[in-house]
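Colleague: Structure for the following, please:
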Amino acid sequence: MTNIPTFGMCMSIANPTVAAATAAALGVLTPMPCIPVTAPWVPGSATCLIGGMPALNSTSKCMCSWGGVIQITFPGQVTTNVP
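Modeller: Below you'll find the model as predicted:
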């Protein structure tokens, strides 16, 4: 929850909250708020480290224990002008 907050709705029956809600709805799939249980990002940059860890790039993915995948969709920087 520190670096990856809850987002969207989880529809994975492997998620215990989804499984419980689905069972309570007599087997009708019942999505629940996504609270990701993630593993470290992989693979990351082979040439750039941040705090001793590989920097994230366009190929980096973060797998959720419930079967989802978090990935980078815009691997870039933007400059904003703040008045």
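Colleague: from memory Met9 sits against Leu29, does it?
Modeller: No. Contact criterion C-beta atoms under 8 Å: Met9 and Leu29 do not qualify, at 10.7 Å. In short, each C-beta sits where N, CA and C put it, glycine included.
Colleague: Give the intersection of the neighbour lists for those two.
Modeller: Common contacts of Met9 and Leu29 (C-beta atoms under 8 Å, 6 or more residues apart in numbering): none found.
Colleague: outside of stretch 60-73, which residues touch it?
Modeller: In contact with stretch 60-73 (C-beta under 8 Å, 6+ apart) are residues 4, 10, 12, 14-15, 18, 34, 36-44, 56-58.
Colleague: Mind doing that once more with 10 Å?
Modeller: For stretch 60-73, contacts defined as C-beta atoms under 10 Å, 6 or more residues apart in numbering pick out 3-4, 7-8, 10-19, 34-45, 54, 56-59, 75.
Colleague: Helices along this structure, start to end?
Modeller: Under the criterion DSSP state H, helices of the chain are mapped to 16-24.
Colleague: Show me what the residue positioned nearest the centre of it is bridged to.
Modeller: Central residue of the chain (C-alpha atoms, centre = their mean): Ile70, 3.8 Å from the mean position. Beta-bridge partners for Ile70, by DSSP bridges, are Cys62.
Colleague: how close does it sit to Ile4?
Modeller: Distance, Ile70 to Ile4, by C-beta to C-beta, to the nearest Å: 7 Å.
Colleague: Next: Ser60.
Modeller: Ser60 is 13 Å from Ile4, by C-beta to C-beta.
Colleague: joint contacts of these two?
Modeller: Here Ser60 and Ile4 have 41, 70 as joint contacts, going by C-beta under 10 Å, 6+ apart.
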